[in-house]
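>>> Got a predicted structure here, sequence first:
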Amino acid sequence: MTEMPELPWNTSEGPVFKAPWEAAAFAMTVRLHEEKHFTWTEWADHLAAEIAGARERGEPDLGDTYYEHWLSALEKIVVGKGLASHAELGQLKQDWIDSTLATPHGQPIELKRSS
C-alpha cells in the first residue's frame, strides 16, 4: 500500500490549505482513491506529469500553483477513468460559478445545476 504524501499540518486542526477549493480538491482525490477508482501510484504519476508539464512550459514554481496542478491532474484522471466527460466537468464548473454569483455574501452556496 502506497502512503499518501505529507501535507502542511496544524496539529490541532488538520491539513492546512490556502483556500477552501484546495481542501475540496484534496478531499475528492482521497475519496476517489478510497473508492478504488485509481491507485495512489496512478494519482502520483498524473500529478507529477502536470508539474512536469508546467516546468516544460516555463511556468515559475513559486509554490503557489501546487493545487492548480492538483486540480488539473484530478480532472484528467477523472476523465481518463470515464468518471465524467470534459463537457460534464465544464458544465459543473459553470454551475458553481453561476451559483456563487447568485449567492449573497456570507450565505452558503447551494449548487444549482442547469439541465
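Perfect, thanks for sending it.
>>> Let me know the secondary structure of the closest residue to residue 47 other than its chain neighbours.
Taking C-beta to C-beta, 6 or more residues apart in numbering as the measure, residue 47 lies nearest to residue 73, with 4.4 Å between them; neighbours along the chain are not counted. No exception for glycine: its C-beta is placed from N, CA and C like everyone else's. When the structure is reduced to helix, strand and coil (DSSP: H, G, I helix; E, B strand; the rest coil), residue 73 reads as helix.
>>> Could you do residue 62 as well?
Assigned by three-state DSSP, the conformation of residue 62 is coil.
>>> Need phi/psi at it.
Backbone torsions for residue 62, taken as degrees, to the nearest 10, come to phi -100, psi 10.
>>> hmm, back to that, give me every residue that touches the residue nearest to residue 47.
Taking C-beta atoms under 8 Å, 6 or more residues apart in numbering as the criterion, residue 73 is in contact with 43, 46-47, 49-50.
>>> are any of those residues buried, and which?
43, 46-47, 50 (16 or more other C-beta atoms under 10 Å).
>>> Cross the residues you listed against helices and list the overlap.
Using DSSP state H, the members of these that fall within helices are 43, 46-47, 50.
>>> Show me which pair in these is furthest apart.
Put simply, by C-beta to C-beta the two of those set farthest apart are 43 and 50, 10.9 Å from each other.
>>> If we ignore the residues flanking it in sequence, what's nearest residue 109?
For residue 109, ignoring the flanking residues on the chain, the nearest one in space by C-beta to C-beta, 6+ apart is residue 103 at 4.8 Å.
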